[in-house]
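> requesting a structural model of the entry that follows:
(one chain, ligands or ions: 1)
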Amino acid sequence: MTVDRSTIWPYRDGEAGEFYYQRYAHPTGLAAERALGALEGGRALLFPSGTGAATALVLMLCKPGDMIALAEGAYFGTRVMFDALGRWGLGVREFDQTGAPPDDADVVWLEAPSNPFLTVPDLDAAAGHPAQVVVDATAATPIHLRPLEHGADFVLHSATKYLGGHDDALLGAVVCKREDDARRLDELRAHTGIVAAPDPAYLLLRGLKTLELRVTRQTEGARELVRRLDEHPKVTNVRYPGFGGLISFDVADADAARVVETSLRVITNATSLGGVDSVLESRARWEGDRVPAGLLRLSVGLESVDALWHDLEQALEKA
Ligand code: PLP
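As a prediction, the model looks like this:
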């Protein structure tokens with residue numbers, strides 16, 4: 001399929017067809033949604049970013065006075081977005097997602113695994129809660145986890161990460177378990193204009209073709225690097241859930257983290273994760289004292305493990 005950038009499609013015999021104005025639906029987006037929906041076992045809808053997807057979902061699920069129970073240590077920007085909606089009456093409380101959510105939660109928001117602490121949620125405990133359950137499975141991808149099969153009502157993705165996979169498309173997705181939820185969210189999306197454009201949708205379609213190959217290889221690379229990092233004298237703590245390409249580890253302090261970041265030659269010192277190129281950054285620059293000062297997040301790409309390890313080793317040596 002090639003990308004169709006039309007914003008309008010002609011009426012036939014005076015009647016609108018399946019596609020008529022891009023804000024309501026477009027063929028490239030629909031094709032990408034079908035491909036992602038098939039992988040997750042639900043009905044997928046695309047949004048212009050992961051954060052846009054999360055915002056649309058909150059607008060659909062919550063009313064003023066509602067409280068979202070958010071996984072502690074989840075992606076920093078999710079909390080920032082919830083707080084931005086605070087003046088519309090949205091409450092948020094963080095909880096340890098490896099246990100049961102608070103009783104009074106109206107929505108339970110989990111992350112599998114959390115970024116950058118890499119904890120794995122107790123999906124059974126969440127499924128037993130009467131609230132709607134959202135699982136941000138950006139870092140797991142459907143290759144490792146299909147939350148709808150474990151009682152979640154919605155799966156959220158920053159498709160900017162592994163699903164797109166090449167650091168060249170900003171995109172988000174919500175996958176709904178139930179058709180009536182998908183219909184409501186689709187309507188809200190068109191009415192609020194929080195829609196994804198055809199080009200990133202096309203890049204998602206392309207990315208999905210290699211998702212399994214990429215994620216399998218990134219997982220193999222990450223497992224080996226975790227083994228080696230665990231034994232390195234300059235590394236004080238390694239976090240890894242056992243699957244996926246995301247690792248976080250600690251060095252002594254902020255100065256040591258800065259030395260590692262700036263000494264890299266193969267791994268790019270940049271933010272984001274999930275692409276074919278490995279990237280590493282100190283998260284304290286964004287999250288402050290919410291994370292240890294020496295915490296480094298590494299997203300393992302497709303380079304050879306030995307090349308990555310030699311790069312990490314020479315950088316750690318200097319720290
Ligand atoms: N969820 C997770 C787990 C993320 O890591 C990110 C971004 O880093 C987001 C959501 C937000 O996605 P986006 O940057 O596409 O808005």
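> does residue 103 count as helix, strand or coil?
Following DSSP: H, G, I helix; E, B strand; the rest coil, residue 103 is assigned to coil.
> cool, residue 78 as well?
For residue 78, the secondary-structure state derived from three-state DSSP is helix.
> show me what the helix or strand harbouring residue 190 is packed against.
Under the criterion of DSSP states H and E, residue 190 resides in helix 179-192. Secondary-structure packing of helix 179-192 (3 or more Cβ pairs under 8 Å, 6 or more residues apart in numbering; DSSP states H and E): strand 43-47, helix 50-61, strand 172-176. (Each C-beta comes from the backbone N, C-alpha and C, glycine too.)
> for the second one, output the C-alpha coordinates as CSV.
Included here for helix 50-61 are C-alpha records, laid out as CSV according to Å, rounded to 0.1, in the frame of the first residue of the first chain:
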residue,chain,number,x,y,z
GLY,A,50,1.3,8.4,22.5
THR,A,51,0.5,11.4,24.7
GLY,A,52,-2.3,12.4,22.4
ALA,A,53,-3.7,8.9,22.6
ALA,A,54,-3.5,9.0,26.4
THR,A,55,-5.2,12.4,26.5
ALA,A,56,-8.1,11.2,24.2
LEU,A,57,-8.6,8.2,26.4
VAL,A,58,-8.7,10.3,29.6
LEU,A,59,-11.3,12.6,28.0
MET,A,60,-13.4,9.6,27.1
LEU,A,61,-13.1,7.7,30.4
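> so what does it touch, helix or strand wise?
Counting contacts by 3+ Cβ pairs under 8 Å, 6+ apart, helix 50-61 packs against strand 43-47, helix 76-84, strand 132-136, strand 154-158, strand 172-176, helix 179-192.
> tell me which residues touch residue 126, please.
Counting by Cβ atoms under 8 Å, 6 or more residues apart in numbering, residue 126 touches 97, 100, 101, 108, 110, 133, 135, 151, 152.
> list buried residues within those.
97, 100, 101, 108, 110, 133, 135, 151, 152 (16 or more other Cβ atoms under 10 Å).
> any figure for the gap between the fourth one and residue 311?
Counting by Cβ to Cβ, to the nearest Å, the gap between residue 108 and residue 311 amounts to 39 Å.
> then the fifth one?
Residue 110 sits 33 Å away from residue 311, going by Cβ to Cβ.
> so residue 151 sits against residue 125, correct?
No: counting by Cβ atoms under 8 Å, residue 151 stays clear of residue 125, with 9.7 Å between them.
> among the helices and strands packed on helix 179-192, which is nearest the ligand?
helix 50-61 (2.4 Å; Cβ to the nearest ligand atom).
> how big is the angle separating the closest one from helix 76-84?
Here the directions of helix 50-61 and helix 76-84 differ by 40 degrees (axes from the mean of the first three to the mean of the last three Cα atoms, to 10 degrees).
> contacts for helix 50-61, please.
Contacts to helix 50-61, defined as Cβ under 8 Å, 6+ apart, come from residues 45-47, 68, 77-78, 81-82, 85, 90, 106-107, 132, 134, 136, 138, 154, 156-161, 171-174, 181, 184-185, 188-189, 192, 194.
> do that again at 6 Å, thanks
Helix 50-61 has contacts (Cβ atoms under 6 Å, 6 or more residues apart in numbering) with 47, 77, 81, 107, 132, 156, 158, 172-174, 184-185, 188-189, 194.
> can the helix or strand just after it be found next to the ligand?
Going down the chain from helix 50-61, the next helix or strand is strand 67-71, by DSSP H and E. No: judged by Cβ under 6 Å from any ligand atom, strand 67-71 and the ligand are separated, with a smallest distance of 10.0 Å.
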